[in-house]
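A.B. asks: here is a sequence together with a model predicted from it:
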Amino acid sequence: MAIDSDIPPRSFLSLFLRLGGWVLLVTFLPVAIMSWVAINQDAIAKRFEANGVPVTARIIEHYFTVSRDSDGDETTTYWLDLEFELESGETYLRQKSVPRWVYDETEKGGTYDISYLRDEPHRVQLYDGEYARSSRIAQTFGLVTGGIWLVFFWWVGRKTVAGLRARMYGERVEVESLGLVRTSVRVNNRPRYRVRWDVPGGSSGQSLMRKKNGFNGAEDEGAVLTVYRGLRGDWWAGDVGNRAE
């Protein structure tokens, strides 16, 4: 009797995540955030086109700060403290982070031409098209990462369907384990393995990757395994579960 004969069938979601779908869940948030950033920056750019007020600001302070992350990597942020007059005659002070090139061409006590939003004077634009440029960058990043995300989603979904169809409709055979093969993949600095088998008169096959101690006896050479033969390859019951027969 095969050692994997009592493994229940996996659901679509379970197999999807097992095939790497968890990566899609993790990476979806950055894609969504960049899409939101692009929309938001474009809206602000349009507001500057309609209600931006050009003004010459005085540079009250000119400095930079350095922060370190948990790995010790340093990030330098450049700052200007700007003072300018609103249309009402009121003096307004605004602290703003700036690109390195703006920092390099300015100095304390100097001036710099900016624009601000009439209804939100704290919203400052350093140069014409600043927010439109940020929107284009975010859009490009979002399109590229979104395209990669969709391709990977299609690939994982296709593999998931192939595995489930093999379990539901494929020929069920029992084979002997040929032991483990070590892959080049490492997770948390620990290698991952696959169990191997040969189908008599047919092809060779391998399981999905697992930790070395995650095969529950299937790693022993000669252990009897249940395999489902599908149109897109053979699938181990330890990965897809068993169907009722």
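C.D. replies: Structure's in. What do you need? Numbers count the residues shown, from 1 in each chain.
A.B. asks: burial count for residue 54?
C.D. replies: By the criterion of other CB atoms under 10 Å, residue 54 has 10 neighbours. Yep, even glycine has a C-beta here, placed from its N, CA and C like the rest.
A.B. asks: quick one: it is in a strand?
C.D. replies: Yes. Counting by DSSP: H, G, I helix; E, B strand; the rest coil, one finds residue 54 located in a strand.
A.B. asks: once you drop chain neighbours, what's closest to it?
C.D. replies: residue 115 (4.7 Å; CB to CB, 6 or more residues apart in numbering).
A.B. asks: and for residue 35?
C.D. replies: Distances taken as CB to CB, 6+ apart place residue 142 nearest to residue 35, at 4.7 Å, with adjacent residues excluded.
A.B. asks: that neighbour contacts residue 30, correct?
C.D. replies: No. Taking contacts as CB atoms under 8 Å, residue 142 lies outside contact range of residue 30: 9.0 Å.
A.B. asks: who has more neighbours out of the two?
C.D. replies: The neighbour comparison of residue 142 against residue 30 (other CB under 10 Å) goes to residue 142, with 21 against 14.
A.B. asks: just checking, the more buried one is part of a helix?
C.D. replies: Yes. The assignment for residue 142 by three-state DSSP puts it in a helix.
A.B. asks: for it, which residues are in contact?
C.D. replies: By CB atoms under 8 Å, 6 or more residues apart in numbering, the contact list for residue 142 reads 31, 34-35, 37-38.
A.B. asks: which other helices and strands does the worst-scoring helix or strand of the chain on mean pLDDT contact?
C.D. replies: None of the helices or strands of the chain scores lower by mean pLDDT, DSSP states H and E than helix 22-51, at a mean of 86. In terms of contacts (3 or more CB pairs under 8 Å, 6 or more residues apart in numbering; DSSP states H and E), helix 22-51 is packed against strand 111-117, strand 120-125, helix 130-169.
A.B. asks: what's the average pLDDT for the first one?
C.D. replies: The one in question is strand 111-117. Across strand 111-117, pLDDT averages out at 94.
A.B. asks: for it, name the packing helices and strands.
C.D. replies: Against strand 111-117 (3+ CB pairs under 8 Å, 6+ apart) you get helix 22-51, strand 52-68, strand 74-85, strand 120-125.
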